[in-house]
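Asker: Got a predicted structure here, sequence first:
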Amino acid sequence: MAESVPSILESDARGEIADIYADIRKVLGTSVVNLIWRNLATMPGALEWTWSTVRPLYLGDAPLHAEAVRQTIALPDWPGFSADTLLAAGVDGSERALIRGVLDSYQHTNALALVVLSALLAHYEPRPAPALAAAVSAPKPSAARIPELPPMDALDPEVAALVGELNTFGEDAEPQLIASMYRHLAYWPAYLALVRTMLAPLQQQGRLNALTLSTRALGYAHGATLATQLKPAAPPATLKGALASCRLFVEHPIARMTGLCAMIRRATPD
């Protein structure tokens, strides 16, 4: 499996792309720029146009719709990890706080990306969807900085294999992208192994695929409501590729990991 789609790393960004990356971090309240934006940066004009189009949603109603997704997502009822279990696996309180920081960051940005990019797709590729109300309020993003994303080839073979296996959970197509969250959690292999043990029965029962499907539909419905607020400028010549990238991310890793991250976060004690 390829590590990722083509992207421009934050460390390699220059000029306008670097400026947009900085604005994405500021607006989203996160310390990293997610892969969808780094992939769009490889297409001439796509990052600039997509970000300028959806940025007002991030500053407007998108956080409330993202919070509505988090509140109503249909998570399987399943036991989580006790503090003693994590301690026995070598994950102490300080490491647990770092893990929660990673999970909280993804839980924040994934739900936002789900509704915002779904809104863009609904604008250009409309289809019927129920009207869903936004939440009354939304939490502020965590201020915690998360570790640098490790490359797949830097992981021990067994850990890379575990990341690859987890990446298939909840996926209803051949995985084309490795979810960054699992790579971030690879700093704690024992914790990642516990996550696999928790999720494997649900995957076997088909409940994780059902979670992805329901999250995808929930995200699109909220996105369709937000789509009425979009006022796109003239699109670049790369519009088709930009929409294809948004569709790939929204329907697969973003929808999948919005649900799975919420479930893993719920299972991890404070």
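Answerer: Nice, thanks for sending it over.

Asker: Okay, Asn110 and Met257: tell me how far apart.
Answerer: Distance of Asn110 to Met257, computed by C-beta to C-beta, to the nearest Å: 5 Å. The C-beta positions use only the backbone N, C-alpha and C, and glycine is treated the same way.

Asker: whoops, Ala179 was the one
Answerer: According to C-beta to C-beta, Ala179 and Met257 sit 5 Å apart.

Asker: now do Leu208
Answerer: Applying C-beta to C-beta, the value for Leu208 to Met257 is 11 Å.

Asker: So those two - more neighbours on which side?
Answerer: Neighbour totals were compared for Leu208 and Met257, and Met257 leads with 27 against 24 (other C-beta atoms under 10 Å).

Asker: export the helix or strand where that one lies as PDB, just CAs?
Answerer: Element membership for Met257, per DSSP states H and E: helix 255-267. The C-alpha coordinates for helix 255-267 follow below in PDB (Å, rounded to 0.1, in the frame of the first residue of the first chain):
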ATOM      1  CA  ALA A 255     -15.900   9.500   7.200                       C
ATOM      2  CA  ARG A 256     -14.200   6.400   8.400                       C
ATOM      3  CA  MET A 257     -12.000   8.100  10.900                       C
ATOM      4  CA  THR A 258     -14.600  10.500  12.200                       C
ATOM      5  CA  GLY A 259     -16.500   7.500  13.500                       C
ATOM      6  CA  LEU A 260     -13.500   5.400  14.600                       C
ATOM      7  CA  CYS A 261     -11.700   8.300  16.300                       C
ATOM      8  CA  ALA A 262     -14.800   9.100  18.300                       C
ATOM      9  CA  MET A 263     -15.100   5.500  19.400                       C
ATOM     10  CA  ILE A 264     -11.400   5.200  20.300                       C
ATOM     11  CA  ARG A 265     -11.500   8.500  22.200                       C
ATOM     12  CA  ARG A 266     -14.500   7.400  24.100                       C
ATOM     13  CA  ALA A 267     -12.700   4.200  25.100                       C
END
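
Asker: Check whether Leu103 sits in a helix, strand or coil.
Answerer: helix (DSSP: H, G, I helix; E, B strand; the rest coil).

Asker: ok, it to His184 distance?
Answerer: If you measure Leu103 against His184 using C-beta to C-beta, the figure is 9 Å.

Asker: ok now do the nearest residue to Gln203 once chain neighbours are set aside, which residues does it touch?
Answerer: In this structure, Gln203 finds its nearest non-sequential neighbour in Phe169, 4.6 Å apart by C-beta to C-beta, 6 or more residues apart in numbering. Contacts for Phe169 (C-beta atoms under 8 Å, 6 or more residues apart in numbering) come out as 199-200, 202-203, 208, 260.

Asker: what helix or strand is the residue positioned nearest the centre of the chain on?
Answerer: Nearest to the mean C-alpha position of the chain, counting by C-alpha atoms, centre = their mean, stands Asn110 at 3.2 Å. Asn110 belongs to helix 93-124 when assigned by DSSP H and E.

Asker: got the angle between that helix and helix 255-267?
Answerer: Per axes from the mean of the first three to the mean of the last three C-alpha atoms, to 10 degrees, the angle that helix 93-124 makes with helix 255-267 is 150 degrees.

Asker: Since that was my last question, I'll sign off now.
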